[in-house]
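Asks: sequence first, then the predicted structure, then my questions.
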Amino acid sequence: MPPIEESVMSSFASKEPQDDSKPLWRFVTVLENNDAAGGNKRWKCNFCQKEVTSSYSRVTYHLLNFFGKGVQVCTKINDILLDDLNRICKEVEKRLKPTHVPLPTATDKTSRIPPVVPQKRRKSSIKNAFNVDDRNHLRQSIARMFYSSGLSFHLARNPYYVSSYSFAANHNLNGFLPPSYNALRTTLLKQERAHIDRLLQPIKSLWTLKGVTLVSDGWTDVQRRPLINFIGICEGGPIFLKAIDGSGEYKDKFYMANIFKDVIKEVGPHNVVQIITDNALVSRNIDGNEEVYNECNWITEVVRDVSFIKTYIMTHSMALAIFNEFSTLKLLSIGETRFASMLVMLKRIKLLKIALQTMVISDKWSTYREDNQGRAAHVKELILNDVWWDKIDYILSFTNPIYEMLRICDTDASTLHLVYEMWDSMIANVRAVIYRHEGIETTETSNVSPFYDVVDRILNSRWGKSCTPLHCLAHSLNPRYYSDVWLTEAPNRVPPHQDPEISNERNKCLKRYFPLSDERNKVYHEFAQFSSCSGDFASFDSIEGRYKLDAKSWWVTHGSSTRFIQKIALKLLVQPCSSSCSERNWSTYSFIHSMKRNKMDPKRAEDLVYVHTNLRLLSRKEEGYKKGETKLWDISGDAHEALDAVGIEFAALSLDEPELEVYNVL
């Protein structure tokens, strides 16, 4: 076939520049542009000289001999000219069509990557039998999905990701297409929520026997809508129940009481043991603020110095490069809203003490220059100051009992029956550390430590707001606190039934549980037998097991003769004592209802959170969660064991919290 220039182009093509995406304009002469008529032009065919007013589509119909399109076909176009015109259109169409980007494993002719020419050899029958080329092609397609969408590599550890491809590979699904955009956000989401609800029924069925704690917390989403979530916790784990949009409502005690009543009705009034909420306003005013400031201001100064060192090194590239030469650990930065963020930062700076001191006395630091020499000198002065490091050690030592107690309580674990004793032990340990540091004998009863007096007042003020009769009842029903071993482990310990404060609060709680006096007298009688080790509780195994067995096992084994007390004990001994799971749930909300997905309506966001949260709960009960390639799949981070060094709770980490995905990066 002759070239275009020698056939059609040379004789009939216009010399004026035309739109490259509409090549047939070159074979007509434009007589008049008529912009008001939808972009139509008056033109004359260069072949037959016919004049027409139309758009480009009728130019193609005329020249390419399309009949019945509202324009006469060109009578001068023969088969040769028609072939050339069609070829011109196809070449332009091919040039403008989006190019398929081949995979690195592709071997087709369209690949832009030069193929590797293999040495001639006999085809491997094993390679053909196992479809090695197809497998490599699929792997690369999956990898491209990750790279093009910015998906986290942790998704590869998700068991549902693995099982979906495994299922497709082992079943004949010719012509299968993945679910569409609309199906994922509507039909399939509703089906999955209903399915998850069915899977949760075995856990919910235990609420009647073991009770449930309702936990609630408030949050504001990316569209500034106030949301209130509700989570039910029992021995089977925390289950996300629902989230309520409080837009346009005044969230006072009456509003909160009404929505709690509605949730209690849904869960079952007889199943609810307690309600824990963190919606109350935070009051920071305590008596003696001036005294508190005078005694504790030095702690603020130390924390400010640590923050200054961290910020200085991380915001100066040369200083950071020098630091990285002397330390394999990184400076850790935790948000202020994180649990014990200040203590975590102090623990990390203490681990870096030797590296920091080696850094500032090195020649590289001495020759390092920046705009403000005073700041570099101040960093060096602090790091080489032994008194400053002693203050850090002191802060960590007297706050460690507080930190350890809060760390235990700030989980979903069953700690309601332990918190009262832990609080007393924590106070005693804090006092021992402070007195030892100040050289005071712990037997002294006079107010000889102003600093401890302030700390003790702060702690007791907090405990006075948190302690409830339910804590005292749960404490009274723990068999361990009646054993001789526990009573002799520390001085001044008495069993719960001999403590006036605990007994008064316990009796208040029992009156609420058993409003009828006849029934309550039976309960008092049962408790008297339990606390005095009389009746069926007088056996050797029962007395010895009070210390050796956990509280729940002891009541199951030895408490059948006291059916009222046993029933209460088995419910209270499996309840948590904090709203931490409700607070962590907002991380899931912010992960799903993020700034990039800010137009999502609250109902769809609630469905996604319901599926996401409860699916993780069910997954953690599977055997494969703790071993294999999918081990701890929902905890972001590759070095899980390293988190212990800074005291970060595993339970608080998830794929919803990318800021802690790599724990040692600022």
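Replies: Great, that's in hand.
Asks: burial check on residue 82, number of neighbours?
Replies: Counted with other C-beta atoms under 10 Å, the neighbours of residue 82 add up to 15. Glycine gets a C-beta too; all of them are placed from N, C-alpha and C.
Asks: check contacts around it.
Replies: By C-beta atoms under 8 Å, 6 or more residues apart in numbering, the residues touching residue 82 are 64, 65.
Asks: any idea how far it is from residue 95?
Replies: As judged by C-beta to C-beta, to the nearest Å, residue 82 and residue 95 stand 21 Å apart.
Asks: repeat for residue 355
Replies: The gap separating residue 355 from residue 95 is 60 Å, by C-beta to C-beta.
Asks: residue 385 now?
Replies: In terms of C-beta to C-beta, residue 385 sits 71 Å off from residue 95.
Asks: can you check residue 453 too?
Replies: For residue 453, the distance to residue 95 - C-beta to C-beta - is 84 Å.
Asks: could you check which of those two has the larger neighbour count?
Replies: Taking other C-beta under 10 Å, residue 453 and residue 95 do not tie; residue 453 has more neighbours (15 against 10).
Asks: tell me which element residue 227 falls in.
Replies: strand 226-234 (DSSP states H and E).
Asks: elements contacting that strand?
Replies: For strand 226-234, the elements it packs on are helix 207-210, strand 212-220, strand 237-245, helix 253-267, helix 580-592, judged by 3 or more C-beta pairs under 8 Å, 6 or more residues apart in numbering; DSSP states H and E.
Asks: gap between that strand and the chain center?
Replies: Taking C-alpha atoms, centre = their mean, to the nearest Å, one finds the center of strand 226-234 at 16 Å from the center of the full chain.
Asks: for stretch 87-100, same thing?
Replies: Put simply, stretch 87-100 sits 47 Å off its chain's centre (C-alpha atoms, centre = their mean).
Asks: name the residues of that stretch that come out as buried.
Replies: Buried residues in stretch 87-100, counting neighbours by 16 or more other C-beta atoms under 10 Å, are found at residue 88.
Asks: ok, now stretch 567-579?
Replies: 568, 569, 570, 571, 572, 573, 574, 575, 576, 577, 578, 579.
Asks: quick one: least confident helix or strand in the protein?
Replies: helix 125-129 (a mean of 54; mean pLDDT, DSSP states H and E).
Asks: domain assignment for the chain?
Replies: 10-96, 185-283+578-606+615-662, 402-573 (the TED database).
Asks: closest to residue 314 out of those?
Replies: Closest to residue 314 of the domains of the chain is domain 185-283+578-606+615-662 (C-beta to C-beta; 14.7 Å).
Asks: and the residue lying closest to residue 340 once chain neighbours are set aside, what element?
Replies: Excluding the flanking residues, the one nearest residue 340 by C-beta to C-beta, 6 or more residues apart in numbering is residue 403, at 5.5 Å. Following DSSP H and E, one finds residue 403 within helix 386-409.
Asks: so which bits of that helix are buried?
Replies: For helix 386-409, by 16+ other C-beta under 10 Å, it's 389, 391-392, 394-395, 398-403, 405-409.
Asks: neighbouring contacts of that helix?
Replies: With contact meaning C-beta under 8 Å, 6+ apart, helix 386-409 is reached by 298-299, 302, 305-306, 339-340, 343, 346-347, 349-350, 353, 382, 415, 418-419, 422-423, 425-426, 429-430, 433-434, 437, 455, 459, 577-578, 647, 649.
Asks: where's it relative to the chain centroid, distance-wise?
Replies: 27 Å.
Asks: that one versus helix 580-592: what angle between them?
Replies: Interaxial angle, helix 386-409 versus helix 580-592 (axes from the mean of the first three to the mean of the last three C-alpha atoms, to 10 degrees): 100 degrees.
Asks: next helix or strand past helix 386-409?
Replies: Downstream of helix 386-409 (by DSSP H and E), the next one is helix 419-438.
Asks: please produce a PyMOL select command covering the buried subset of the contacts of helix 386-409.
Replies: Selection of the buried residues among the contacts of helix 386-409 in PyMOL, burial being defined by 16+ other C-beta under 10 Å:
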select buried, resi 299+302+305+306+339+340+343+346+347+349+382+415+418+419+422+423+425+426+429+430+433+434+437+455+577+578+647+649
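Asks: where are the low-confidence patches of the stretch 151-300 of the chain?
Replies: Within the stretch 151-300 of the chain, the stretches with pLDDT under 70 are 279-288.
Asks: next SSE after the helix or strand hosting residue 501?
Replies: In the assignment (DSSP H and E), residue 501 maps to helix 500-513. Downstream of helix 500-513, the first helix or strand assigned by DSSP H and E is helix 517-532.
Asks: what's in contact with that following helix?
Replies: Helix 517-532 is contacted from outside by 476-477, 479, 482, 495-497, 510-511, 513-514, 534-537, 559, 561-565, using C-beta under 8 Å, 6+ apart.
Asks: apply 6 Å and report the result again.
Replies: Residues outside helix 517-532 that contact it (C-beta atoms under 6 Å, 6 or more residues apart in numbering) are 497, 510, 514, 535, 537, 562, 564, 565.
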